[in-house]
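1. Any chance you can model this:
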Amino acid sequence: MATANPTYVIGHRNPDADSICSAIAYAAFKEARGESGYVAARCGNSNARIDAILERFHTPLPHYLSDVFPRVRDMMVRQPLAVQEDVTCAEALKLIDRHGITYLPVVSVQQRAVGSVTLAQLGHFFIPRIDEPRAMRQVRTSLARIVSSLQASVLHTVDENRLEDLFVRIGAMDVGTFWKISEKEQIPPGQSLIIVGDRRDIQQRSIEIGIRALIISGNLPVDPAIAKLAKERGVSVISSPHDTATTAWFVRTASTIERLVDRKFTALNAEARIADVRRKFSQLSSHAMMVTGEDNLLQGILTKSDLLKPVPTRLVLVDHNELTQAVPGADEVIITEIIDHHRLAPMTTSQPILFINEPVGSTCTIIADLFRRHGLVPAADLAGVMMSGLISDTLLLQSPTSTAKDAEVLNWLQTHAAIKAQALGQLIFSSGSVILASPADRVVRSDFKVYDDEEGVRFAVSQVEELGFDNFWPHAKALAQALADLRATEKLTFAALLVTDINTQNSLMLVKGDAEFIRRISYPHVEQDEIFELNGVVSRKKQLIPYLTDLLKEMHSEGVSPSKSGPPFGKRS
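-> This next block holds a predicted model:
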């Protein structure tokens with residue numbers, strides 16, 4: 001069953017096999033522990049190696065997330081209470097009071113947003129305006145709505161559903177003078193509502209004048225002769241159960257909200273980022289905004305209070321702990337756990353979290369060990385997935401990052417998988433060349449990680465693993481250009497691509513960036529100043545990154561600041 005707000009278990013951007021496999025494995029571990037709602041996810045494309053692994057073990061590719069920025073759809077109130085323009089103020093106030101809200105969207109019959117009405121607007125309608133006495137008596141309603149608001153009895157009505165402008169008067173004066181104010185204000189009798197008690201003379205005079213309706217307060221009896229006269233003259237007669245003052249108030253509430261609707265509104269798109277919406281709210285006095293979709297159909301509302309609620313998106317980060325490598329938007333949502341085997345990077349969380357970081361060769365090693373320690377036996381395919389992440393990241397235990405624990409866990413997994421480590425390693429490392437299978441711009445973003453040093457220098461290192469370097473050389477120029485474009489796009493001090501030969505355990509490094517930084521690289525240069533031979537280097541984490549950061553520290557100690565841009569790098573003279 002799908003979970004409304006799942007917790008995504010997700011690896012780093014431009015994922016490698018360990019990132020994908022550990023996300024799948026940790027979501028499965030949570031499920032095995034009886035913890036529901038965990039979904040394996042990824043924030044990058046697959047590659048030939050990952051596809052081969054997942055096909056072998058009958059496992060689907062994790063759910064793709066381009067970003068996790070909180071959006072209006074995550075925070076809005078769906079299917080909000082809404083009214084049409086022809087509802088009465090009484091009906092609107094009843095909804096507001098019953099549901100404890102202050103904002104009501106107003107929609108058409110087709111549910112298209114028309115505007116909104118607020119408690120403040122309704123309150124303003126009922127505030128006495130001494131300078132506008134005529135407006136205070138005016139209501140736009142129908143006799144049927146008045147009967148409903150009063151919960152009145154009908155003695156006789158004419159065209160009770162007609163929506164019209166009416167003016168309310170109380171027949172409390174002498175019969176000789178009670179109509180003079182209406183004459184002075186030029187209110188036609190046919191638009192007049194007279195509220196009166198058992199004053200027969202006022203009742204008869206009102207009917208003779210030809211008013212729209214006579215409202216008798218207090219459920220007082222009506223003389224049959226008066227009722228007959230009203231019917232003959234086409235004057236409606238309504239009997240209210242309330243006293244005269246209360247009746248007058250209820251008649252005002254029977255007015256429709258049509259003229260109160262605020263039709264000048266800014267609607268939100270459900271896909272808009274919450275960070276942008278906060279800025280919009282800061283510029284508006286409105287407490288709420290409508291969310292609309294195609295054809296202006298109402299989808300929900302978002303209030304300022306909604307912006308204070310916890311973001312529903314939750315993440316478990318696997319195989320990384322740096323926000324520069326995390327799915328975009330990770331810093332704006334809730335991170336609940338981190339499972340990793342890399343260096344620690346500066347990161348703050350809004351609350352204490354579970355953080356497992358071990359100096360082993362792969363994140364799958366850590367997760368497989370969790371299965372083992374908790375007495376949980378993974379299914380054969382899941383054991384194979386974890387073996388794949390471990391083998392891929394440790395180069396079948398040949399990488400310098402490999403530990404005794406990796407070997408121990410790999411042996412344990414073999415007992416539950418329907419394949420041996422050597423055979424699986426052969427499948428993984430012969431699954432296809434990334435360089436041949438992908439265009440240059442995708443190659444340099446394959447297993448691509450961004451780093452920040454202590455001085456704020458930002459750089460990136462990508463890594464691909466090949467069976468020899470034969471596929472690299474014909475594509476070296478295209479890869480160099482793609483790396484230069486990557487550096488410019490990501491505003492990096494330098495960008496490097498590590499091409500590792502699995503057979504010889506050696507690597508080539510292609511670098512684009514600050515000329516002074518490149519000049520300091522001590523490894524032998526093979527061709528031009530940007531391709532270096534790194535014999536014995538296969539681990540980005542344990543061998544290359546420490547070397548590169550040491551070079552940056554050396555530059556900082558000498559007062560040299562590497563730049564983010566510069567001329568192309570040519571051949572050394």
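2. Can you list the low-confidence ranges for the stretch 1-150 of the chain?
-> Filtered on pLDDT under 70, the stretch 1-150 of the chain yields the residue ranges 1-3, 128-129.
3. Nearest spatial neighbour of Ile181, chain-adjacent residues omitted?
-> The spatially closest residue to Ile181, leaving aside those adjacent along the chain, is Arg169, at 7.4 Å (C-beta to C-beta, 6 or more residues apart in numbering). Bear in mind the C-beta positions are built from the backbone N, C-alpha and C, glycine included.
4. So what are the structural domains in this protein, by residue number?
-> In the domain annotation for the chain, the residue ranges read 7-69+312-429, 438-557 (automatic domain parsing).
5. Those: which one's closest to Ala144?
-> domain 7-69+312-429 (44.2 Å; C-beta to C-beta).
6. wait, isn't Ser399 in contact with Ser539?
-> Yes. Between Ser399 and Ser539 there is a contact under C-beta atoms under 8 Å: 5.1 Å.
7. quick one: common contacting residues for these two?
-> Any residue near both Ser399 and Ser539 by C-beta atoms under 8 Å, 6 or more residues apart in numbering counts here, and not one turns up.
8. Now tell me which helix or strand of this protein has the poorest mean pLDDT.
-> helix 133-137 (a mean of 78; mean pLDDT, DSSP states H and E).
9. Give me the contacts around the helix or strand that comes right after that helix.
-> Reading on from helix 133-137 to the C-terminus, the next helix or strand found by DSSP states H and E is strand 138-141. With contact meaning C-beta under 8 Å, 6+ apart, strand 138-141 is reached by 88, 163-168, 193, 251-252, 254-256, 258-259.
10. Okay, and which of the residues you listed map to helices?
-> Residues from these lying in helices, with DSSP state H as the criterion: Val251, Arg252.
11. What is the nearest of the contacts of strand 138-141 to Arg233?
-> Distance to Arg233, by C-beta to C-beta, is smallest for Leu193 among the contacts of strand 138-141, at 15.3 Å.
12. That closest one against Ile170, yeah?
-> No. Using C-beta under 8 Å, Leu193 makes no contact with Ile170, being 9.7 Å away.
13. higher neighbour count, those two?
-> Between Leu193 and Ile170, Leu193 has the larger neighbour count (other C-beta atoms under 10 Å), namely 25 against 19.
14. Please name the bridge partners of that one.
-> Residues found in beta-bridge contact with Leu193 (criterion: DSSP bridges) are Val168, Ala213.
15. for Glu465, same thing?
-> Glu465 has the following beta-bridge partners by DSSP bridges: Thr500.
16. For Asp306, grab the count of nearby residues.
-> Applying other C-beta under 10 Å, we find 18 residues neighbouring Asp306.
17. List the contacts of Phe469.
-> So, once contact is read as C-beta under 8 Å, 6+ apart, Phe469 ends up touching Val499, Asp501, Leu508.
18. how close does it sit to Val318?
-> Phe469 sits 31 Å away from Val318, taking C-beta to C-beta, to the nearest Å as the criterion.
19. hang on, the earlier thing: residues of the least confident helix or strand of the chain that come out buried?
-> By neighbour count on 16 or more other C-beta atoms under 10 Å, the buried set for helix 133-137 is Met136, Arg137.
20. go on, stretch 472-491?
-> In terms of neighbour count (16+ other C-beta under 10 Å), stretch 472-491 has its buried residues at Phe472, His475, Ala476, Leu479, Ala480, Ala482, Leu483, Ala484, Leu486, Arg487, Glu490.
21. distance of Gly210 from Tyr26?
-> 81 Å.
22. The two - which one has more neighbours?
-> Neighbours per residue (other C-beta under 10 Å) separate Gly210 from Tyr26, with Tyr26 holding more: 26 against 13.
23. Residue nearest the middle of this protein, spatially speaking?
-> Computing the C-alpha centroid of the chain and ranking residues by C-alpha atoms, centre = their mean puts Arg71 first, at 2.6 Å.
24. Bridged to that residue, which residues?
-> Listed beta-bridge partners, Arg71: Arg273 (assigned using DSSP bridges).
25. and the domains of the chain, which is most packed in?
-> The highest mean neighbour count among the domains of the chain, using mean count of other C-beta atoms under 10 Å, belongs to domain 7-69+312-429: a mean of 20.
26. model confidence over the helix or strand encompassing Leu479, on average?
-> Here Leu479, judged by DSSP H and E, is contained in helix 476-490. Mean pLDDT, computed over helix 476-490, is 95.
27. ok, and what's touching that helix?
-> Helix 476-490 is contacted from outside by 435, 439-441, 443-445, 448, 450, 458, 460, 472, 492, 494-497, 510-513, 527, 530-531, 565, 568, using C-beta under 8 Å, 6+ apart.
28. so of those, which ones are in helices?
-> Ile435, Ala440, Asp441, Val443.
29. The stretch 301-450 of the chain: strands as residue ranges?
-> Under the criterion DSSP state E, counting those that start in this stretch, strands of the stretch 301-450 of the chain are mapped to 314-318, 334-340, 354-357, 448-452.
30. Direction included, what does the last one pair against?
-> Pointing back at strand 448-452 there. Short version: by DSSP bridges, strand 448-452 pairs with strand 458-466 (antiparallel).
31. between the partner strand and helix 476-490, how many degrees?
-> 150 degrees (axes from the mean of the first three to the mean of the last three C-alpha atoms, to 10 degrees).
32. what's stretch 365-377 in contact with?
-> Counting contacts by C-beta under 8 Å, 6+ apart, the residues outside stretch 365-377 that touch it are 22, 25-26, 29, 32-33, 318, 339, 341, 356, 358, 360, 378, 383, 386, 390, 403, 405-406, 409-410, 412-413, 416.
33. what's the distance between Ile202 and Phe459?
-> Spatial separation of Ile202 from Phe459 under the definition C-beta to C-beta is 91 Å.
34. ok, now Arg73?
-> Look at Arg73 and Phe459: by C-beta to C-beta, they are 36 Å apart.
35. what does Ala440 give?
-> 19 Å.
36. OK, contacts around the nearest residue to Gln325 once chain neighbours are set aside?
-> Excluding the flanking residues, the one nearest Gln325 by C-beta to C-beta, 6+ apart is His12, at 4.2 Å. Listed by C-beta under 8 Å, 6+ apart, the contact set of His12 reads Ser19, Cys43, Asp319, His320, Gln325, Ala326, Lys449.
37. so where is this structure shaky, pLDDT-wise?
-> Applying pLDDT under 70 to the chain picks out residues 1-3, 128-129, 528, 564-573.
38. Most neighbours out of the contacts of strand 138-141, which is it?
-> Each of these was scored for neighbours by other C-beta under 10 Å, and Val251 scores highest at 27 neighbours.
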